[in-house]
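> I would like to see how this sequence folds:
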Amino acid sequence: MNIEQARFNMIEQQIRPWEVLDQEVLDLLFVVKREDFTPAAYRNLAFADMEIPLGSGQVMLAPKIEAKLMQELGIKKTDKVLEIGTGSGYMAALLASRAEHVVSIEIRPEIAAAAQANLQRAGISNVTVEVGDGIDGWSHRGPYDAIVLSGSVPVVPPALLKQLRVGGRLAIIVGEAPVMEAQLITRTAENAYNTVNLFETVIPALDGAGAKDQFSF
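The predicted structure follows:
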């Protein structure tokens, strides 16, 4: 397989048609090598428009969803970012290429260890991978300029909103199959938030995120 041609096709045929037009994001997809974060058994599918299994029931999201969330978050060089659900480490690598620092929380130790190894191999040093349940964020390292979840949740966890700085953005996919909505929630003031619906999709639930009736507020 011609890897560079496959990467180019992914960007031009899947990602750009999904209205990911931010040139900095598109350039990043050439720089951060997605195939290096893909399990060896699926390496030839690294650029396919599909979720890739990581083991333990976890997946890498389709490239266009990661790229779209990346674009909407508008990460800046001074940003401190929280990622919930490290997965393969690929999204953390994309975020880290734009941000000052990324804290990435992974509930499964074996997946966290594999992601850490992927990030080290890629020479990315501004990501801290922590093992834990990030459904309510990671408050002691906050507040954050941006938060992104790699799995869906039935409702927005209130704790995450409180960990955003004023001006901070949360990219989250909310709902239950067959209807989920990707949202960008911006903290506009101490007690004010602005929500924009980005697109409809269906992705696997975040590890540890139960159905609505299991939440107690």
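> buried stuff in the longest helix seen in the chain?
Looking across the chain with DSSP state H, the single longest helix is helix 109-121. Residues 111-112, 114-116, 118-119 are the ones in helix 109-121 that count as buried (16 or more other Cβ atoms under 10 Å). C-beta here means a position set from N, CA and C on the backbone, and glycine is covered the same way.
> please report the distance of Pro158 from Asp133.
16 Å (Cβ to Cβ, to the nearest Å).
> coming back round to it: following the longest helix of the chain, which helix or strand comes up?
Next along the chain after helix 109-121, taking DSSP states H and E as the criterion, comes strand 127-131.
> next, the buried residues of that next one.
Across strand 127-131, burial judged by 16+ other Cβ under 10 Å covers 127, 129, 131.
> tell me which of those is nearest to Asp145?
Nearest to Asp145, judged by Cβ to Cβ, of the buried residues of strand 127-131 is Val127 at 15.1 Å.
> picking up where we left off before, what residues does the longest helix of the chain touch?
The contact list for helix 109-121 (Cβ atoms under 8 Å, 6 or more residues apart in numbering) reads 36-37, 54-56, 58, 86-90, 92-93, 96, 104, 106, 127, 129-131.
> which among these end up buried?
Neighbour-count burial (16+ other Cβ under 10 Å) applied to these gives 36-37, 54, 58, 86-90, 92-93, 96, 104, 106, 127, 129, 131.
> of those residues, which belong to helices?
Checked against DSSP H, the buried ones among the contacts of helix 109-121 include these in helices: 90, 92-93, 96.
> can you tell me how far Glu200 is from Pro53?
Distance of Glu200 to Pro53, given as Cβ to Cβ: 23 Å.
> I'd say Glu72 and Ala171 touch.
Yes: proximity of Glu72 to Ala171 meets the contact threshold set by Cβ atoms under 8 Å, at 6.0 Å.
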